[in-house]
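Student: Starting from these lines, generate the structure:
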Amino acid sequence: MKKLLMAASAMTLCATAALAQDVVRMGTEGAYPPYNYIDDNGQVAGYERELGDELCARAELTCEWVTNDWDSIIPNLLSGNYDTIMAGMNITKERAETIAFTENYTPPAASKYMALDEGVDLKGAIVAAQVNTLQSEYVAGAGETLAEYATLDDAVAAVRNGEADAVFADYDALKPFAEEGDLKWVGDDVQLGDGVGMGLRQSDTELKDKFNKAIESMKADGTLNDLITKYFGEDAQHY
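Tutor: Got it, this is the predicted structure:
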């Protein structure tokens, strides 16, 4: 899932802690199903919407959802346009130098390749990936030719229209495309990141603690596993 481009030194940190506000603004992309997407009513939906609403309820917080393009999602958190990121973001050491993370709410999962041809040779292939992701970083260092796209949908479309030989992304995000029948799994699984967590400004320690307690309570009572099964299936990684 996603790679930080801009350094923290280029950003202005928000001076006011999120908990001093009446509403905690939950930032997401809205273009990464089943984690998050925009439904037919124009509302944020998906695993992270349902999970985020439950976390806010357990933490006794009033929350609202805000969408932002993936490429600038961390800079806009740091500049105060919203207070959290719930956008399928993997926890990494690099990102943790810039923002804080809660404990993960999705266990580490495999990344995978898909192509129209099961026999495609990935060595030297043109591989599509969403821009600024762990997957795009991996492809760039794997001896493949990287083609970056703004969204996962665009990356998959590039394979279907012949611009790329394969697409590389989170397994859970690619599963719906596999069900459509034309794209096939190819190559080996690749393990990236430390699971998906909520991103926050490093100064918002109280807010982080509240969300961590809510995540822990959902792990303890099994409701987080229930949500994982609902959105990712029985074969997904569980707690």
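
Student: Provide a list of residues in contact with G88.
Tutor: 1-2, 29, 32, 35-36, 48, 170, 173, 196 (CB atoms under 8 Å, 6 or more residues apart in numbering). C-beta coordinates here come from the backbone N, C-alpha and C atoms, glycine included.

Student: Touching the helix ranked longest in the chain from outside, list them.
Tutor: For the chain, the helix that runs over the most residues, judged by DSSP state H, is helix 205-221. Helix 205-221 is touched from outside by 17-19, 24, 51, 54-56, 58-59, 61, 83-84, 100, 102-103, 105, 198, 200, 224-225, 227, 239, with contacts defined as CB under 8 Å, 6+ apart.

Student: can you give me the strands in this structure?
Tutor: 24-28, 31-32, 36-38, 44-45, 63-67, 84-85, 100-101, 110-115, 126-130, 145-149, 166-170, 184-191, 199-200 (DSSP state E).

Student: With mean pLDDT as extra columns, can I get the ones you listed in a markdown table?
Tutor: Supplementary listing: the strands of the chain in a markdown table, determined by pLDDT from 0 to 100:
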| stretch | mean pLDDT |
| --- | --- |
| strand 24-28 | 98 |
| strand 31-32 | 94 |
| strand 36-38 | 97 |
| strand 44-45 | 98 |
| strand 63-67 | 98 |
| strand 84-85 | 98 |
| strand 100-101 | 98 |
| strand 110-115 | 96 |
| strand 126-130 | 97 |
| strand 145-149 | 97 |
| strand 166-170 | 97 |
| strand 184-191 | 95 |
| strand 199-200 | 98 |
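
Student: quick one: the residue sitting nearest the centre point of the chain and G195, what's the gap?
Tutor: Central residue check for the chain by CA atoms, centre = their mean: the C-alpha nearest the mean position is that of G88, 1.5 Å away. As defined by CB to CB, to the nearest Å, G88 lies at a distance of 11 Å from G195.

Student: circling back: same list (the strands of the chain) but as JSON lines, adding mean neighbour count.
Tutor: What follows is those, written out as JSON lines (neighbours: other CB atoms under 10 Å):
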{"stretch": "strand 24-28", "mean neighbour count": "23"}
{"stretch": "strand 31-32", "mean neighbour count": "23"}
{"stretch": "strand 36-38", "mean neighbour count": "20"}
{"stretch": "strand 44-45", "mean neighbour count": "20"}
{"stretch": "strand 63-67", "mean neighbour count": "16"}
{"stretch": "strand 84-85", "mean neighbour count": "26"}
{"stretch": "strand 100-101", "mean neighbour count": "20"}
{"stretch": "strand 110-115", "mean neighbour count": "22"}
{"stretch": "strand 126-130", "mean neighbour count": "27"}
{"stretch": "strand 145-149", "mean neighbour count": "18"}
{"stretch": "strand 166-170", "mean neighbour count": "28"}
{"stretch": "strand 184-191", "mean neighbour count": "14"}
{"stretch": "strand 199-200", "mean neighbour count": "24"}
